[in-house]
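Participant: Quick one: sequence and predicted model below, then my questions.
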Amino acid sequence: MSCGQCGAEQQRGRFCVRCGRRLPFVVLATTTVRLPPRRIPTPRPPVEGGLAPA
């Protein structure tokens, strides 16, 4: 993606190389390292039918 202000294609981190304008978050999303999704522990449903230890 290009800079919205000057139209430059080059970027250095979060800033445009030509005009130094801060790039929007949409550009950052493609350059930042994506973290693996967190594993959310699912709560076990209550056991029915008398299988749970008394």
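Facilitator: That came through fine.
Participant: for stretch 38-45, how far is the first residue from the last?
Facilitator: The first and final residues of stretch 38-45 sit 21 Å from each other (C-alpha to C-alpha, to the nearest Å).
Participant: Next, the buried residues of it.
Facilitator: Counting neighbours by 16 or more other C-beta atoms under 10 Å, one finds that stretch 38-45 has no buried residues. Every C-beta, even on glycine, is put in place using the N, C-alpha and C of the backbone.
Participant: Which residues does that stretch contact?
Facilitator: Contacts to stretch 38-45, defined as C-beta atoms under 8 Å, 6 or more residues apart in numbering, come from no residue at all.
Participant: pLDDT of it, averaged?
Facilitator: Computed over stretch 38-45, the mean pLDDT rounds to 74.
Participant: ok, now stretch 22-34?
Facilitator: Here the average pLDDT along stretch 22-34 is 58.
Participant: which residues of this structure fall in strands?
Facilitator: For the chain, strands defined by DSSP state E occupy the ranges 11-12, 15-16.
Participant: helices or strands up against the last one?
Facilitator: The elements that strand 15-16 packs onto, with contact taken as 3 or more C-beta pairs under 8 Å, 6 or more residues apart in numbering; DSSP states H and E, do not include any helix or strand.
Participant: mean confidence for it?
Facilitator: Across strand 15-16, the per-residue pLDDT values average to 78.
Participant: distance of P41 from G20?
Facilitator: From P41 across to G20, the span is 45 Å (C-beta to C-beta, to the nearest Å).
Participant: shouldn't C6 be in contact with R18?
Facilitator: Yes. In terms of C-beta atoms under 8 Å, C6 counts as a neighbour of R18; the distance is 5.0 Å.
Participant: What count of nearby residues applies to the nearest residue in space to Q5 that is not next to it in sequence?
Facilitator: Distances taken as C-beta to C-beta, 6 or more residues apart in numbering put R21 closest to Q5, at 4.7 Å, once the chain neighbours are dropped. Burial of R21 is recorded as 15 neighbouring residues (other C-beta atoms under 10 Å).
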